[in-house]
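Trainee: sequence first, then the predicted structure, then my questions.
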Amino acid sequence: MRWATIAFGLTFFPDVVCAQSFSWTQYAPTGLEARAVTTETTCPAAEIDGASVVMQVRAKPNEAFPVLACAMSVPPAAKTVKVGGVLLAAAPSMPKRIAVFGDTGCRLKGHYVQACNDPQQWPFRQIAEMIAGKKPDLIIHVGDYHYRETACPGSDAGCANSPFGDNWDAWRTDFFAPATGLLPVAPWVMVRGNHEECERGGQGWSRTLEAQPFDEAKGCNGSSPPFIARFSQLALAVIDNSAASEPVGDDKLAEVFRAQYASLAQQQTSTPIWLLQHRPIWSTGGVVAGLPFGDNKTLALAARGTLPAQVQLMLSGHHHIFQVLGYAEDLPTQVVVGHGGDYLNKGRAANPAGWPINGVTVKSGVHQTGQFGFAMIESDGADWVITNYDRTGAPLHRCGLKGRDVNCTSE
Ligand SMILES: [Fe+2]
């Protein structure tokens with residue numbers, strides 16, 4: 001049988017039934033790892049700096065996931081990483097062009113039915129290709145990959161034949177296939193969303209993308225401990241807050257997250273810290289009767305007075321909008337990048353300056369609705385520029401970030 005390999009991580013047989021492999025690099029608690037998911041019965045051949053390395057089996061196939069998940073550590077000094085003949089991204093010492101996006105899957109849940117077969121209605125593949133074209137050196141997915149939970153209604157051509165449920169078909173269709181072109185471009189940081197909780201898409205998450213080791217006996221890990229991806233002038237703290245509920249402050253859960261936030265002060269790093277967590281804290285999904293709603297009461301209980309001064313920025317999704325919020329209080333800037341493909345939040349764009357959100361006040365920022373897209377955060381010497389792009393790669397907003405202060409303009 002002859003193999004054919006196309007660029008960007010997908011290797012396939014040109015026969016009727018395709019064998020498929022997806023491969024990428026991502027940060028884990030122990031540093032960078034190369035990962036692969038394959039329909040083959042063995043892990044793909046791998047090389048680091050030209051020397052053969054054997055990938056370890058991360059998760060064996062089962063009925064719902066008839067694929068092998070593989071992993072191997074990549075030393076920080078590695079220059080080249082190859083998996084299945086595909087060149088993957090090694091670790092940058094300091095990323096300068098960081099892509100951020102999230103909430104990317106296609107919504108099939110009960111009466112929420114997105115036209116997954118129509119790229120105009122579900123544009124994640126286009127967005128992934130646009131991001132690849134921006135040549136990032138780090139890629140952050142802020143969570144919510146898996147959205148196909150229930151069957152497409154029989155009469156609906158927009159989503160006809162879509163797979164659904166926590167299984168490989170749905171995961172491949174919602175994330176891996178549309179992300180194929182982006183997977184090998186740069187190392188990823190994968191953040192867990194509430195769609196990856198164990199009762200939703202958690203099996204696929206724990207098998208393939210979760211930073212922590214897979215536990216076959218459990219099949220899905222519960223909430224994961226935080227970890228940090230370290231660079232020469234930046235630390236990315238990844239928090240799994242998928243279980244933290246918005247409307248009512250949960251004291252017990254708040255205690256868990258308070259300890260996680262407080263532990264950031266003990267990190268042996270003098271660099272700024274960016275907090276990567278799917279659910280934002282003092283952020284709103286929209287405005288009803290002039291009042292912002294949708295902020296997270298549980299996380300606010302945990303974070304108030306706890307977030308160390310080193311935390312400069314919080315990157316989240318969950319609300320299907322693009323939003324930047326600088327606060328009147330001494331708090332990190334919040335950026336919400338949840339417009340990567342799933343149904344967008346309804347409501348109008350607004351100037352968030354002056355919004356009161358659960359005891360804090362927005363000083364300035366952006367609240368954009370109704371546009372799919374992604375963000376790039378690029379180094380500007382000592383500071384950063386955050387750009388919001390639409391699905392075609394056209395810039396819509398630019399925000400300068402200096403310390404915790406943010407200053408945005410529209411294009
Ligand atoms: Fe979410």
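Mentor: It's in.
Trainee: okay, CA-based contacts and neighbour counts for the rest of this
Mentor: OK.
Trainee: ramachandran angles for residue 173?
Mentor: Residue 173 adopts backbone torsions of phi -70, psi -40, taken as degrees, to the nearest 10.
Trainee: ok, it - how many residues close by?
Mentor: Counted with other CA atoms under 10 Å, the neighbours of residue 173 add up to 19.
Trainee: report the contact partners of it.
Mentor: By CA atoms under 8 Å, 6 or more residues apart in numbering, the contact list for residue 173 reads residue 163.
Trainee: contacts only, for the residue lying closest to residue 246 once chain neighbours are set aside.
Mentor: Once flanking residues are discounted, residue 246 sits nearest to residue 296: 3.9 Å by CA to CA, 6 or more residues apart in numbering. Contacts here follow CA under 8 Å, 6+ apart; on that basis residue 296 touches 244, 245, 246, 247, 248, 249, 279, 280, 281, 282, 283.
Trainee: tell me, how many residues neighbour residue 202?
Mentor: 24.
Trainee: wouldn't it be in contact with residue 196 here?
Mentor: Yes: using CA atoms under 8 Å, residue 202 is in contact with residue 196, at 4.4 Å.
Trainee: one step back: could you dump the contacts of residue 296 to TSV with secondary structure, distance to residue 135 and pLDDT?
Mentor: Formatted as TSV, the contacts of residue 296 follow (DSSP: H, G, I helix; E, B strand; the rest coil; distance: CA to CA, whole Å; pLDDT from 0 to 100):
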residue	secondary structure	distance to residue 135	pLDDT
244	coil	34	96
245	coil	35	88
246	coil	35	92
247	coil	38	91
248	coil	41	93
249	coil	40	94
279	coil	27	98
280	coil	27	98
281	coil	30	98
282	coil	31	98
283	coil	29	97
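Trainee: by neighbours, which of these wins?
Mentor: Greatest neighbour count in the contacts of residue 296, by other CA under 10 Å, goes to residue 279: 30 neighbours.
Trainee: mind checking how far stretch 273-286 is from the chain centre?
Mentor: For stretch 273-286, the gap between its own C-alpha mean and the chain's C-alpha mean amounts to 13 Å (CA atoms, centre = their mean, to the nearest Å).
Trainee: what about that stretch, how long is it end to end?
Mentor: Stretch 273-286 has an end-to-end distance of 28 Å (criterion: CA to CA, to the nearest Å).
Trainee: again, but for stretch 340-359
Mentor: Per CA to CA, stretch 340-359 runs 29 Å from first to last residue.
Trainee: report the buried residues of that stretch.
Mentor: 340, 341, 342, 343, 344, 345, 349, 352, 353, 355, 357 (16 or more other CA atoms under 10 Å).
Trainee: run a quick neighbour tally on residue 104.
Mentor: For residue 104, the neighbour count with other CA under 10 Å is 32.
Trainee: check residue 97 too.
Mentor: Close neighbours of residue 97, defined as other CA under 10 Å, add up to 21.
Trainee: re the thing from before, from the buried residues of stretch 340-359, which one has the minimum pLDDT?
Mentor: pLDDT across the buried residues of stretch 340-359 is lowest for residue 349, at 89.
Trainee: for that one, give me its contacts.
Mentor: 367, 368, 369, 370.
Trainee: the third one reaches residue 345, doesn't it?
Mentor: Yes: counting by CA under 8 Å, residue 369 touches residue 345, with 6.5 Å between them.
Trainee: common neighbours of those two, please.
Mentor: 320, 321.
Trainee: send me stretch 315-334 as PDB with only the CA atoms.
Mentor: Extracted C-alpha coordinates of stretch 315-334, given in PDB (Å, rounded to 0.1, in the frame of the first residue of the first chain):
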ATOM      1  CA  LEU A 315      -7.500  34.600  28.700                       C
ATOM      2  CA  SER A 316     -10.800  32.900  28.500                       C
ATOM      3  CA  GLY A 317     -13.700  31.900  26.200                       C
ATOM      4  CA  HIS A 318     -17.100  30.500  27.200                       C
ATOM      5  CA  HIS A 319     -19.000  33.700  26.200                       C
ATOM      6  CA  HIS A 320     -19.200  33.500  22.400                       C
ATOM      7  CA  ILE A 321     -18.000  37.000  21.800                       C
ATOM      8  CA  PHE A 322     -14.800  38.900  21.600                       C
ATOM      9  CA  GLN A 323     -14.300  41.100  24.600                       C
ATOM     10  CA  VAL A 324     -11.500  43.000  26.300                       C
ATOM     11  CA  LEU A 325     -12.100  44.400  29.800                       C
ATOM     12  CA  GLY A 326      -9.600  46.600  31.700                       C
ATOM     13  CA  TYR A 327     -10.800  47.300  35.200                       C
ATOM     14  CA  ALA A 328     -10.800  50.400  37.400                       C
ATOM     15  CA  GLU A 329      -9.500  48.300  40.200                       C
ATOM     16  CA  ASP A 330      -6.000  46.800  40.200                       C
ATOM     17  CA  LEU A 331      -6.900  43.600  38.400                       C
ATOM     18  CA  PRO A 332      -5.500  41.800  35.400                       C
ATOM     19  CA  THR A 333      -7.000  42.600  32.000                       C
ATOM     20  CA  GLN A 334      -9.600  40.100  30.800                       C
END
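Trainee: cool, thanks, talk later.
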